[in-house]
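Participant: Pasted the sequence and its predicted model underneath.
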Amino acid sequence: MNPEKEKFGASQIRQSFKDFFESKNHKIVPSAPMVIKDDPTLMFTNAGMNRFKDIILGNIPIKHPRIADSQKCLRVSGKHNDLEEVGHDTYHHTMFEMLGNWSFGDYFKKEAIEYAWEYLTEVLQLDKNRLYVTVFEGSPSENLSRDDVVAAYWEKYLPKNRIINGSKKDNFWEMGDTGPCGPCSEIHIDIRSDEERAAIDGLNLVNRDHPQVIEIWNLVFMQFNRKTDGSLENLPNKVIDTGMGFERLCMAVQGKTSNYDTDVFQPLIAEIGRITGRRYGDNPQSDVAMRVVADHIRTIAFSITDGQLPSNAKAGYVIRRILRRAVRYGYTFLEQKQAFMYRLIPALIDSMGDAYPELHDRLVLIERVIKEEEESFLRTLENGIKLLDKIIREAKADRKTCIAGADAFVLYDTFGFPIDLTELILREHQMELDKEGFDAEMQKQKERARNAAAVETGDWVNIRDGEQEFVGYDQTSVEAKILRYRKVKQKNAEFYQIVFNRTPFYAEMGGQAGDSGIIALQNKTTDTENDGRIEIFDTKRENNLAVHLTHQLPENPEDEFLLEINVPKRRAAECNHTATHLLHEALRDILGMHVEQKGSFVSSDILRFDFSHFQKLTDEEIRQVEKQVTAKIREDIPLNESRHVPIAEAKAIGAMALFGEKYGDEVRVVRFGSSIELCGGTHIASTGRIGTFRIISESSIATGIRRIEALSGEACENYLYLRQDIIRDLCGLLNNTDLRQAVRKHIEENAGLKKQTEELMKEKVQRLKQLVIDRKEIRNGINLFVIKGSYHAEIVKDIAFRLRGEFPEKMCFVGATSFESKPALTLMISDDLVGCGLNASQIIREAAKHIKGGGGGQAHFATAGGKDSDGLVTAVEEVLSKVLSL
């Protein structure tokens, strides 16, 4: 490759793309958040087109027909699952940047190809002789012919032998099982050495997974819409959707043979080497680990800046899984037994902070969250190793060399212990894993998740054309007509989704639950069941539309209807929503300006507010917050609402924007006095109508994230009434109106009785131990102690360990007891007997079969429980037989 290409650093390449398409009259837009919060079908942006889906589907008008951007993307789950490849090859990543240019009903195939060729060969000066393109070869089964139009355009720039036919799998892009789709044309580059190219023609390596003959740009020509029956129809507006992997492009331009050798990753890898004392290139295993860490730290940091912290659910679980994969590689191959990845954030900011200034703004949060997550998982690794060691010991005691897949799956699923680390440790013990058993358990879990999430949707039935208008800020009922509807089946339940031309129903979004209510037939002339009223049990947002959910359709969908929301439920939700804004302001005033909203949920029943803070709130802080919110309620501050405010103007007046949220050019500003936020939800007319407010719980939900649950309005009143009733009832039970004094007296009395009981128990154990000693037998030179009867397991265990201390050699203690009809076996043997080959765990496990139970323990001490007390005698005989046979 040309040494001059080295002058193109990653930052210059990114900016050159934007500058080029700006010169072609494209609107340059900043990256949307990588974490998606308003699309139920996606957790992360996995392609540049995600943010434009509503435009492509025709749900929102086209404001800019030409757009270009550099979009943060993440591919680790579902269809685009590249996670296990990351670090092991040269070009797969979790987080990556996608350079893209878009046309919505403007230019199409000809211009898209011209722009791509000009940018690659004239701006970036890539060698034309190393480029290949693919075109859609057609699909007879769908009556689609070869894309000869695209092939003809490419023939202006490339010889025919470098224009390759591609299958439907590679060259027909689809959004999903249904929706916009169309043929595509991929641009590939051969970055091998001249000697390698002379030996094997690159033509034979395109789309053959060669690490140096790779796709760098995909030009998608969306011209069809796929319906649920599989058929295709033409889109009203043709769309150009192109995506070019930024990291791969840097590799090609900079003359490298690995993405990780470019200046996108090298600063991070160098810092990893400095911290760990490793040099990249010295050891294949540590090289993989360094690439994994370098890739994953970008993903984790950008996810946190977009508001998604590691957790145990949904998107948070994906981020935690990525973080733990990096920790495990550092632990195993870089010998990092303490947190270290958080120290890489300054290097990441040096590399990407100019392009993504949000990294600067969230530096402290990113470092603290990653450090705490690292430390937590390192403890998990230590605990998992201890559990695995126990499994290995028991397997060896049973003379097994294979660990059950179910045991490994419990370690993986319950404790988060990586399966490949389990296999590595087993190999060190000359053991192996029942991988088929593990895979079977994993498949069962996937089937459970798939069945729970399975949704079948029919095609939309269009009644009339038109766009939907939301009037719910001002009206609670409205006359409306159906635009379209469809049937949906989920978890064996059927319901309908209906889109109206006008609606007062708020669709679930921004943490506010959707409205419920009714559909009533206008001008009803006949009596029908339910008086012609159909319940709307929920309202969801899909593709920026309010979709109303019902269990039945109107008899005649072409009629005109009256839509009425459930006003009491809406008002209760509005009280909670407004209280959430007041709560947010109070937390920032009392705890500090570092507090940021990280999630919320408001319904008619409760409000839940998640926020960044690194320690538990004290009782005094909670009381302060409640008092400030309540004071704002008493002020009866009216709602001051502004719609269609330019985003820059809204921020200039101090409106709080939630980081990681996607806002349009115009926003709605909601103000209650000094509380000013960008918000699309519904609110109460004035704070005084909230009535009252109380926090009912405060807890941690993730590293650096706290959650408050609170009540307002009537629900809060009912909560306070309940607490008053409880206090009154307790005073009655204790026969004392001074509850504190009465409870304190009972605690003191209980402590005294507990102390007396403990003293009596010690005396009982001592007497029982002496009784066991008095009944000692010496057989085959072994001191035998046996206890039978109805005794608690802890008492028997206490006696066993006391006897072990008094008789350190040639000692065997057997407990055969039944407490509350539950039989139990206890076996303690001295260390010298263990040295002679006895194993208490193995002996007790076999004997437990006689009481229809199981157990285990250590070589010198083991216990077992069962269901059949009649088998205790036989069990003791078997234990003694094995001990005395020594």
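Facilitator: Yep, that arrived. Numbers count the residues shown, from 1 in each chain.

Participant: Count the neighbours of the residue nearest to Leu872 when sequence neighbours are not counted for me.
Facilitator: Of all residues beyond its chain neighbours, the one nearest Leu872 is Ala816 (4.5 Å), with distances taken as CB to CB, 6 or more residues apart in numbering. In short, each C-beta sits where N, CA and C put it, glycine included. Applying other CB atoms under 10 Å, we find 25 residues neighbouring Ala816.

Participant: Tell me where the stretch 1-150 of the chain has strands.
Facilitator: Using DSSP state E, counting those that start in this stretch, the strands of the stretch 1-150 of the chain run over 27-28, 66-74, 95-104, 131-136.

Participant: What of the stretch 551-700 of the chain?
Facilitator: 560-565, 597-602, 607-612, 640-646, 666-672, 675-678, 693-702.

Participant: List just the one of those strands that sits closest to Gln212.
Facilitator: For those, the distance to Gln212 is smallest for strand 693-702, at 40.9 Å, taking CB to CB.

Participant: Pull out the buried residues from the helix or strand harbouring Leu722.
Facilitator: Using DSSP states H and E, Leu722 sits in helix 713-734. Neighbour counts using 16 or more other CB atoms under 10 Å place Gly713, Ala715, Cys716, Tyr719 of helix 713-734 among the buried residues.

Participant: where's stretch 747-763 relative to the chain centroid, distance-wise?
Facilitator: 49 Å (CA atoms, centre = their mean, to the nearest Å).

Participant: Same question for stretch 21-35.
Facilitator: The answer for stretch 21-35 is 27 Å, by CA atoms, centre = their mean.

Participant: For that stretch, which outside residues touch it?
Facilitator: 18, 43-45, 50-51, 64, 66-74, 95, 97, 101-102, 115, 302-303, 306-308, 315, 356, 660-662 (CB atoms under 8 Å, 6 or more residues apart in numbering).

Participant: And the helices in the stretch 1-150 of the chain?
Facilitator: For the stretch 1-150 of the chain, helices defined by DSSP state H, counting those that start in this stretch occupy the ranges 10-23, 53-56, 109-118, 148-154.

Participant: Just the CA coordinates for the second one, please, in PDB.
Facilitator: As requested, the backbone C-alpha atoms of helix 53-56 are provided in PDB (Å, rounded to 0.1, in the frame of the first residue of the first chain):
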ATOM      1  CA  LYS A  53     -36.600   3.700  10.400                       C
ATOM      2  CA  ASP A  54     -39.600   6.000  10.900                       C
ATOM      3  CA  ILE A  55     -38.700   8.100   7.800                       C
ATOM      4  CA  ILE A  56     -38.200   4.900   5.700                       C
END
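
Participant: in what helix or strand does Asp229 lie?
Facilitator: Going by DSSP H and E, Asp229 is not part of any helix or strand.

Participant: quick one: the nearest residue to it once chain neighbours are set aside from Thr178, how far?
Facilitator: Spatial nearest neighbour of Asp229, excluding adjacent residues (CB to CB, 6+ apart): Asp459 at 6.9 Å. Using CB to CB, to the nearest Å, Asp459 is found at 8 Å from Thr178.

Participant: Give me the below-cutoff pLDDT ranges for this structure.
Facilitator: Within the chain, the ranges that satisfy pLDDT under 70 run 1-7, 38-41, 77-82, 449-455, 523-531, 659-662.

Participant: got the contact list for the closest residue to Leu411 other than its chain neighbours?
Facilitator: The shortest distance from Leu411 to any non-neighbouring residue, by CB to CB, 6+ apart, is to Phe417 (4.1 Å). Remark: with contacts taken as CB under 8 Å, 6+ apart, Phe417 is in contact with Thr380, Leu381, Gly384, Leu387, Leu388, Leu411.

Participant: In terms of secondary structure, what does the helix or strand that contains the last one contact?
Facilitator: So the one you mean is Leu411. For Leu411, the element it lies in under DSSP H and E is helix 405-415. Helices and strands touching helix 405-415, as assessed by 3 or more CB pairs under 8 Å, 6 or more residues apart in numbering; DSSP states H and E, comprise helix 363-397, helix 419-428, helix 435-453.

Participant: Which among those helices is found nearest to Gly230?
Facilitator: Across the helices and strands packed on helix 405-415, closest to Gly230 is helix 435-453 (CB to CB), at 21.4 Å.

Participant: If you count neighbours, what's buried in the closest one?
Facilitator: Across helix 435-453, burial judged by 16+ other CB under 10 Å covers Gly437, Phe438, Glu441.

Participant: do stretch 675-686 as well
Facilitator: Neighbour counts over stretch 675-686 (16+ other CB under 10 Å) mark Ser675, Ile676, Glu677, Leu678, Cys679, Gly680, Gly681, Thr682, His683, Ile684 as buried.

Participant: From the structure, what's the count of residues near the nearest residue to the last one once chain neighbours are set aside?
Facilitator: Read it as Ile684. Leaving aside its sequence neighbours, Ile684 sits nearest to Glu574 (CB to CB, 6+ apart; 4.3 Å). Neighbours of Glu574 under the rule other CB under 10 Å: 24.

Participant: Please work out which residues outside the helix holding Leu411 touch it.
Facilitator: 380, 383-384, 387-388, 391, 417-419, 422, 433-442, 445.

Participant: cool, and stretch 487-500?
Facilitator: Outside stretch 487-500, the residues within contact range by CB under 8 Å, 6+ apart are 451-452, 454-458, 468, 480-486, 519, 537, 540, 542, 545-553, 561, 563.

Participant: So which of these are in strands?
Facilitator: 455-457, 480-486, 519, 537, 540, 542, 545-550, 561, 563 (DSSP state E).

Participant: filter these to the buried ones?
Facilitator: Counted by 16+ other CB under 10 Å, the ones in strands among the contacts of stretch 487-500 give 480-486, 519, 542, 545-550, 561, 563 as buried.

Participant: what's the residue closest to the geometric middle of the protein?
Facilitator: Nearest to the mean C-alpha position of the chain, by CA atoms, centre = their mean, lies Ala315 at 2.1 Å.

Participant: Fine, thanks again, bye for now.
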